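Chemist: requesting a structural model of the entry that follows:
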Amino acid sequence: MTRILGISGSLRRASFNTALLRTAQGLMPEGSTLIEGTIAGIPLYDADEEQANGLPSAVKTLKAQIEEADGLLLFSPEYNNAMPGVFKNAIDWTSRPASDISKVYGGKPVAVLGASPGGFGTILAQDSWLSVLRTLGTRPWWSGRLMVARAGDVFDEEGRMTDEKMRERLEKFLTGFVEFAAGPTN
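Modeler: Numbers count the residues shown, from 1 in each chain. You can find the predicted model right below:
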């Protein structure tokens, strides 16, 4: 069983990215599963706080989930043409202490996808993740890209995906990523 961890980079209850993640859970290829991680409860990074009290429990949980997963999907919103600060902050916390980076992220298959109410999807947010993923030593999947533009037309008010063509694109994306994550490392 290929275990993929998906993390939505939004804290909003009606988040399009959380809706995208939950839709993806129902479209995973046979022999794989998508587990939902969360950035909820992760405080702003503070090295003094880390030194005094160690990692917060929400960070420990997310960090362990990343480490145990065969692959990582970042469902990233786009805020001001980049990744959301709250999402980057959570990833920063999970890279602490720095000596754990290779254990948690080293060679980890990863892909970024996202949904946005705007017309360009999350292309700039996805691009802004590249230097972070490189620094963490991940193994990004370059063969797939999924940007859900005008997400208000793709999801209904309950967060269900209503666009069949987008559902098909998402399913194809997931199949490709799972094959990549389950395959041999380069």
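
Chemist: G9 and G107: what is the separation?
Modeler: To G107, G9 is 22 Å away according to C-beta to C-beta, to the nearest Å. Bear in mind the C-beta positions are built from the backbone N, C-alpha and C, glycine included.

Chemist: who has more neighbours out of these two?
Modeler: In this view G9 and G107 are compared by other C-beta atoms under 10 Å, and G9 has more residues nearby, 28 against 11.

Chemist: was I right to think the more buried one contacts P77?
Modeler: Yes. With contact defined as C-beta atoms under 8 Å, G9 counts as touching P77 (5.4 Å).

Chemist: intersection of neighbour lists for these two?
Modeler: N17, M83, P84, F87, G114 (C-beta atoms under 8 Å, 6 or more residues apart in numbering).

Chemist: please flag which of those residues sit within strands.
Modeler: G114 (DSSP state E).

Chemist: which pair of the shared contacts of G9 and P77 spans the longest distance?
Modeler: N17 and M83 (11.2 Å; C-beta to C-beta).

Chemist: in this structure, which residue is most central in space?
Modeler: L74 (1.3 Å; C-alpha atoms, centre = their mean).

Chemist: now do the longest helix belonging to the chain: which elements does it pack against?
Modeler: As assigned by DSSP state H, the longest helix anywhere in the chain is helix 164-182. Packing partners of helix 164-182 (3 or more C-beta pairs under 8 Å, 6 or more residues apart in numbering; DSSP states H and E): strand 2-8, helix 16-25, strand 32-37, strand 71-75, strand 109-115, strand 146-148.

Chemist: would you mark the buried spots in the third one?
Modeler: With burial defined by 16 or more other C-beta atoms under 10 Å, the residues of strand 32-37 counted as buried are S32, L34, G37.

Chemist: tabulate those (CSV), appending distance to W129.
Modeler: Formatted as CSV, these follow (distance: C-beta to C-beta, whole Å):
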residue, distance to W129
S32, 22
L34, 19
G37, 16
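
Chemist: possible to save those residues as CSV with pLDDT and distance to R160?
Modeler: Below are the buried residues of strand 32-37 laid out as CSV (pLDDT from 0 to 100; distance: C-beta to C-beta, whole Å):
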residue, pLDDT, distance to R160
S32, 98, 22
L34, 98, 17
G37, 98, 21
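
Chemist: A182: which of those is nearest?
Modeler: Once C-beta to C-beta is applied, the member of the buried residues of strand 32-37 that ends up nearest A182 is S32, at 7.5 Å.

Chemist: hang on, S8 packs against A40?
Modeler: No. When contacts are counted by C-beta under 8 Å, S8 is not listed as touching A40 (9.5 Å).
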